[in-house]
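K.L.:
Please work out how this folds:
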Amino acid sequence: MRTDLRELLSIAKEASLAAGREIIRIYETGDFSIKAKSDDSPLTKADTAAHQKITSILEATNLPIISEEGKDIPYDERSKWEYLWMVDPLDGTKEFIKRNGEFTVNIALIHHNKPILGVVYPPVLKELYWAVIGGGSFLEKNGESTRLNTTGRYLSDSGLKVVTSRSHISTETEGYLKKLNQPKIVSKGSSLKFLLVASGEADLYPRFGPTMEWDTAAAHIIVSEAGGRVVLENQDFPLAYNKKNLLNPNFIVLPR
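P.N.:
Numbering: from 1, shown residues only. Okay, the predicted model is just below:
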């Protein structure tokens, strides 16, 4: 079992870039053959191809993998895992089908219910976002690496830039927005919403609707290492991972 974080980061980056190439290959052919998963969400050839590519690379680490497109693993088994990979091979399948480019590859390493390493790769943008616990968050693009920092603004500030989902906005979210002081709304798909907060391009992301752990784990550590927090609605506790139920509760991504 390999738990050197720098080595694991290199492997996660390799896997995310390889999956991105698979996704773009299919994206450019326009072959969006769609199946419905058990929850009626869409599944494309790109989801499956990216899953296969990522798992083939991560298996070399001998760490277990939870992937959106992988098999269900009983909690009695996975609750014993000290480390595990949490993977969404294609986050934002609906955005992929719409061809708006707002989809990502998400790979996180979880240790005792907490993300300690994360890589998020939007293959259309060719931007590689990553973080390791205690080491800061970074964006790699065009051969350059830039450190990420949140705005650090307060919820009471006027004109906060608030990110909402392009495909999923609830009445509860709309109610939360009314409590803010003249917010400016930005819509975005996939885990790119987290990245806007991590990079300081937005201040806040409230999510009052269903998400799964693989949707958030990688971006969670990137936000945290950039100075922000991902906390439960009305509670100052972070999202936890590898729970018995992999469905996330409502949460808010904060700039400090």
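
K.L.:
pLDDT score assigned to Thr55?
P.N.:
Thr55 carries a pLDDT value of 97.

K.L.:
Look up the closest residue to it, ignoring the ones flanking it.
P.N.:
If the residues on either side of it in the chain are set aside, Thr55 comes closest to Ile65, at 5.9 Å by Cβ to Cβ, 6 or more residues apart in numbering. C-beta coordinates here come from the backbone N, C-alpha and C atoms, glycine included.

K.L.:
From one end of stretch 61-79 to the other, what's the distance?
P.N.:
Terminal residues of stretch 61-79 lie 19 Å apart, using Cα to Cα, to the nearest Å.

K.L.:
Pull out the buried positions in that stretch.
P.N.:
61, 63-70, 73, 78 (16 or more other Cβ atoms under 10 Å).

K.L.:
just stretch 207-226 next, same as before
P.N.:
Neighbour counts using 16+ other Cβ under 10 Å place 207-208, 211-226 of stretch 207-226 among the buried residues.

K.L.:
cool, and stretch 145-165?
P.N.:
148-151, 153, 160-165.

K.L.:
mind listing which of these are in strands?
P.N.:
Among the buried residues of stretch 145-165, DSSP state E puts 161-165 in strands.

K.L.:
quick revisit: now flag whichever of the buried residues of stretch 61-79 is closest to Tyr241.
P.N.:
Nearest to Tyr241 out of the buried residues of stretch 61-79 is Ile66 (Cβ to Cβ; 8.9 Å).

K.L.:
Which helix or strand contains that closest one?
P.N.:
Using DSSP states H and E, the element containing Ile66 is strand 65-67.

K.L.:
Name every strand pairing with that strand and say which way it goes.
P.N.:
strand 83-91 (parallel) (DSSP bridges).

K.L.:
Only C-alpha atoms, please: export the strand it pairs with in CSV.
P.N.:
Provided in CSV are the C-alpha atoms of strand 83-91 (Å, rounded to 0.1, in the frame of the first residue of the first chain):
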residue,chain,number,x,y,z
TYR,A,83,-7.4,5.2,2.9
LEU,A,84,-9.5,5.1,-0.3
TRP,A,85,-9.9,6.9,-3.6
MET,A,86,-13.2,8.7,-4.3
VAL,A,87,-13.7,9.2,-8.0
ASP,A,88,-16.2,10.8,-10.3
PRO,A,89,-15.0,10.0,-13.8
LEU,A,90,-17.3,12.6,-15.4
ASP,A,91,-18.9,15.2,-13.1
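
K.L.:
Could you pull up the mean pLDDT of it?
P.N.:
97.

K.L.:
And the next helix or strand past the strand holding Ile66?
P.N.:
According to DSSP H and E, the helix or strand after strand 65-67 is helix 75-78.

K.L.:
What are the contacting residues of that next one?
P.N.:
Applying Cβ atoms under 8 Å, 6 or more residues apart in numbering, the contact partners of helix 75-78 are 64, 66, 84, 242, 244.

K.L.:
With stretch 137-155 instead?
P.N.:
Taking contacts as Cβ under 8 Å, 6+ apart, the residues outside stretch 137-155 that touch it are 126-131, 136, 160, 180, 197-200, 203-204, 221-223, 225-228, 254-256.

K.L.:
Just the buried ones from the residues you listed, in ChimeraX syntax?
P.N.:
Selection of buried members from the contacts of stretch 137-155 for ChimeraX, criterion 16+ other Cβ under 10 Å:
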select :127,128,129,130,131,160,180,197,198,199,200,203,204,221,222,223,225,226,227,228,254,255
